[in-house]
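> have a look; sequence and predicted model below, questions after that.
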Amino acid sequence: MSSLAAAVSWGRRHIPDAAVPAVTRARLTRARKNQDRLARAHREMEFLLGGACTPAEVDRAAERYVERDILRSELRWHPNLITFQEVEGVEHLVAARKRGRGVVISFLHHGHYEGAVASVCRADRPLLVVVSPEMLAPDAPEFLKQHVRTGTVSGGRPLDATVGAKGMLKALHDGNVLAIASDVPGRTPIRFLGVDRLGSFGAARLAAGAGCPVVSMTAHPDADGKPYLRLSEPLEPGDFASPDDLLLEMVQLQEAPALAWPEAYHQPTLRWGAVQPASSAAAS
């Protein structure tokens, strides 16, 4: 990391928590004059909402997305502001753990997910969260290192995705709670918010393979815009005809929260793949 990048990172980390709103407002004033940034925000919200909302609703979501994106980029440096999120439904996670077979927590990159796992750890007990290997690399960008610091501040531990399904299944068989996102680049067709997308089958496949319950974690804003989390009642893989049906239920539980708070979905174009039309696929 360059000396300039190190200085910037140090400065952002040492801004007082109370000053974050003022810093965000100052950055937002500049961002609203940046046409490239506004266009990127519109592309993100069009990608997410184009199958479920009107163009006017997409426009309004894009305006809010710019502000939320700036706030997110500041809050990751201030763990105290996002790792104490209220967690509704902790009793569902506790009940799932008591079944003694490990637990999968399914989530999307929605809300202030950077502090979500740490918040659940505070509400219950430390757990494992699957992360991409570049987040743990010695030469990772400083913002990714900070993401890991924030996510593990309350005792949670990252699990490198390169351990593969075998390593993750072992973690579940050992009785661990394993948090894993379903909106990561993959080849599994998933219909989400009225659009056919490509996501990951990992969480559903792991739960089915380990025979362990799934608890969905969703993100919501309260009346003042403060984020909180909600954990669903456990889903038992055996209650579904196939892992595909389990995955469908897991994703459908996320639709209403994402639609209600779309600007809090972080870079959906990065999370989901787009299904190519048959004619395009054949041409390639």
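It's in. Residues are numbered from 1 along each chain as shown.

> quick one, phi/psi of L159?
phi -120, psi 120 (degrees, to the nearest 10).

> do the one 3 residues further on as well
Reported as degrees, to the nearest 10, the phi and psi values for T162 are phi -70, psi -10.

> in this structure it contacts M135, no?
No. The pair T162 and M135 does not pass the contact test of C-beta atoms under 8 Å, sitting 11.4 Å apart. Heads up, the C-betas are built off the backbone N, CA and C, glycines and all.

> give the other helices and strands that the lengthiest helix in the chain contacts.
If you go by DSSP state H, the chain has its longest helix at helix 55-75. Under the contact definition 3 or more C-beta pairs under 8 Å, 6 or more residues apart in numbering; DSSP states H and E, helix 55-75 sits against helix 20-31, helix 35-49.

> so in that sheet, which strands flank the next helix or strand along the chain from that helix, and in what orientation?
The first helix or strand that comes after helix 55-75 along the chain, using DSSP states H and E, is strand 86-88. Pairing partners of strand 86-88, with direction, according to DSSP bridges: strand 227-231 (parallel).

> in stretch 29-49, what's buried?
A31, R37, L38, R40, A41, H42, E44, M45, E46, F47, L48, L49 (16 or more other C-beta atoms under 10 Å).

> how about the helices in this structure?
Counting by DSSP H, the helices of the chain are 3-13, 20-31, 35-49, 55-75, 90-97, 116-123, 142-151, 164-173, 202-210, 243-260, 268-271, 278-283.

> in space, what's closest to the spatially most central residue of the chain - neighbours in sequence excluded?
In the chain, the residue lying closest to the centroid (C-alpha atoms, centre = their mean) is H109, at 2.0 Å. Spatial nearest neighbour of H109, excluding adjacent residues (C-beta to C-beta, 6 or more residues apart in numbering): H266 at 4.8 Å.

> what do you get for D59?
In space, D59 is closest to H42, 7.2 Å off (C-beta to C-beta, 6+ apart).

> can you tell me which of the buried residues of stretch 29-49 is nearest E88?
L48 (24.0 Å; C-beta to C-beta).

> from what I see, the closest one and L193 are in contact.
Yes. Between L48 and L193 there is a contact under C-beta under 8 Å: 6.6 Å.

> just to revisit the earlier point, wait, what's in contact with the residue nearest to D59?
V58, D59, A62 (C-beta atoms under 8 Å, 6 or more residues apart in numbering).

> state the distance from the second one to L159.
Spelled out, it's D59. Using C-beta to C-beta, to the nearest Å, D59 is found at 39 Å from L159.

> and the longest strand seen in the chain with helix 202-210, angle?
Under DSSP state E, the strand in the chain containing the largest number of residues is strand 214-221. Interaxial angle, strand 214-221 versus helix 202-210 (axes from the mean of the first three to the mean of the last three C-alpha atoms, to 10 degrees): 150 degrees.

> T162 and M135 - which one has more neighbours?
Set T162 next to M135 and count neighbours by other C-beta atoms under 10 Å: M135 wins out with 16 against 9.

> burial of the nearest residue to the more buried one once chain neighbours are set aside, as a residue count?
Counting by C-beta to C-beta, 6+ apart, M135 lies nearest to L144, which is 4.9 Å off, once chain neighbours are set aside. Other residues near L144 come to 16 when the count uses other C-beta under 10 Å.

> L144 reaches V131, doesn't it?
No. In this structure, L144 is not within contact of V131 by C-beta under 8 Å, at 9.2 Å.

> quick one on the thing from earlier: columns distance to P227 on top of the helices of the chain, output as JSON lines?
Converted to JSON lines, the helices of the chain look like this (distance: least, C-beta to C-beta, whole Å):
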{"stretch": "helix 3-13", "distance to P227": "20"}
{"stretch": "helix 20-31", "distance to P227": "14"}
{"stretch": "helix 35-49", "distance to P227": "18"}
{"stretch": "helix 55-75", "distance to P227": "9"}
{"stretch": "helix 90-97", "distance to P227": "16"}
{"stretch": "helix 116-123", "distance to P227": "8"}
{"stretch": "helix 142-151", "distance to P227": "14"}
{"stretch": "helix 164-173", "distance to P227": "27"}
{"stretch": "helix 202-210", "distance to P227": "22"}
{"stretch": "helix 243-260", "distance to P227": "11"}
{"stretch": "helix 268-271", "distance to P227": "17"}
{"stretch": "helix 278-283", "distance to P227": "38"}
